[in-house]
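>>> dropping a prediction and its sequence here:
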Amino acid sequence: MPCLRLDARAEAWPIHGRFTIARGAKTQADVVVVSLEHGMGRGECVPYGHYGETLEGVLAEIEAARAGIEDGCSREQLQTLMGPGAARNAVDCAMWDLQAKRTGVRAWERAGLNAVTAQVTAYTLSLDEPQAMAAAAHANAQRPLLKLKIGGADDLERVAAVRAAAPHAALIVDANEALSFEDFRRLAPELAVLGVKLIEQPLKVGEDVDLEGFESPVPLCADESVHTRAELAACARRYSAINIKLDKTGGLTEALALKAEAEALGLQIMAGCMVATSLSMAPAMLVAQGAAYVDLDGPLLLERDREPGMTYDGSTVRPPAPALWG
């Protein structure tokens, strides 16, 4: 008889409008939810096609690990039972949640944090024509931090339009690997003039070796180039910050280890997310503590969130209640 009951299911959550980046657009967030012990412990992940993941593949990966999980493997054992990625993330976060519910010790306490405090998150503007992005920026001009998706011939016009529409907001620009090195070299000084604080993943994975030795006028942040500690040394030679997403690391366990090693190398941290519900954001709040940048706006981009969810007051997101996670 298994000592632990595991269930996994796919869910779809409509996005408000469309979410568009350089690689394409989508109108719903497809997630997988893992529950342990009839929902006592829960975790959520987002299969990401760019990394070769599908809903069916993630569910199959979880099913393949079912015996070990239901036999009571530890979070540490899970790191070898499953590889990094979305599937392990959902299981790992469900294990953290289950342990918190069973012991009454909050996940953040078990992670060695003194407290979990509210954070100011970036708000993402989808890739669009400059005029449309300016309108979106104007509607969100009161937010302190905006993140712009770019990846086309009119990128400078896009950023300039957003800057004019939201003159007081700090700006992050995210290219999602869409630029060539020559385009990046041309664009970066102009982005510095426009007051951009950070450029995220300008070049394709592998091609970003060209960043070694290049003195960018705007600090650079790795996203697609860093998943786990395995890529960290190379990223430290090319970037000054890394975006830690639990769906890339394969859960909170590896995310916290990655954060600690990155900080030891002098890298800044961005706590990031896929477009997903509050169940994905809740464990990422532990990574967000002390991070230079927080990008946990997933639920703000949805038509609706799960209940109970995270509490957002404008761009300020508060720690999760135990009923949600951890």
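On my side now, so go ahead. Numbers count the residues shown, from 1 in each chain.

>>> mind listing the helices for the stretch 1-150 of the chain?
For the stretch 1-150 of the chain, the helices defined by DSSP state H, counting those that start in this stretch occupy 55-64, 66-70, 75-81, 86-103, 107-110, 130-139.

>>> could I get those as TSV with mean pLDDT?
Converted to TSV, those look like this (pLDDT from 0 to 100):
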stretch	mean pLDDT
helix 55-64	98
helix 66-70	97
helix 75-81	97
helix 86-103	98
helix 107-110	98
helix 130-139	98
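
>>> who wins for proximity to His227 among these?
helix 86-103 (11.0 Å; Cβ to Cβ). In short, each C-beta sits where N, CA and C put it, glycine included.

>>> just give me how far the closest one sits from the chain centre.
Centroid separation between helix 86-103 and its chain, computed with Cα atoms, centre = their mean, to the nearest Å, is 18 Å.

>>> report the angle between it and helix 55-64.
Counting by axes from the mean of the first three to the mean of the last three Cα atoms, to 10 degrees, helix 86-103 lies at 50 degrees to helix 55-64.

>>> so who does the closest residue to Asp247 other than its chain neighbours touch?
Of all residues not flanking Asp247 in the chain, Ala86 sits nearest, at 4.7 Å (Cβ to Cβ, 6 or more residues apart in numbering). Contact partners of Ala86, counting by Cβ atoms under 8 Å, 6 or more residues apart in numbering, are 32, 45-48, 51, 53, 58, 247, 250.

>>> repeat that for Lys197.
Counted by Cβ under 8 Å, 6+ apart, Lys197 has contacts 170-172, 218-219.

>>> hang on, the earlier thing: export the contacts of Ala86 to CSV and tack on distance to Tyr312 and neighbour count?
Formatted as CSV, the contacts of Ala86 follow (distance: Cβ to Cβ, whole Å; neighbours: other Cβ atoms under 10 Å):
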residue, distance to Tyr312, neighbour count
Val32, 24, 25
Cys45, 21, 31
Val46, 19, 24
Pro47, 25, 24
Tyr48, 24, 18
Tyr51, 28, 13
Glu53, 27, 19
Val58, 27, 27
Asp247, 21, 30
Gly250, 27, 25
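
>>> gap between Gln142 and Asp313?
For Gln142, the distance to Asp313 (Cβ to Cβ, to the nearest Å) stands at 12 Å.

>>> brilliant, that's me finished.
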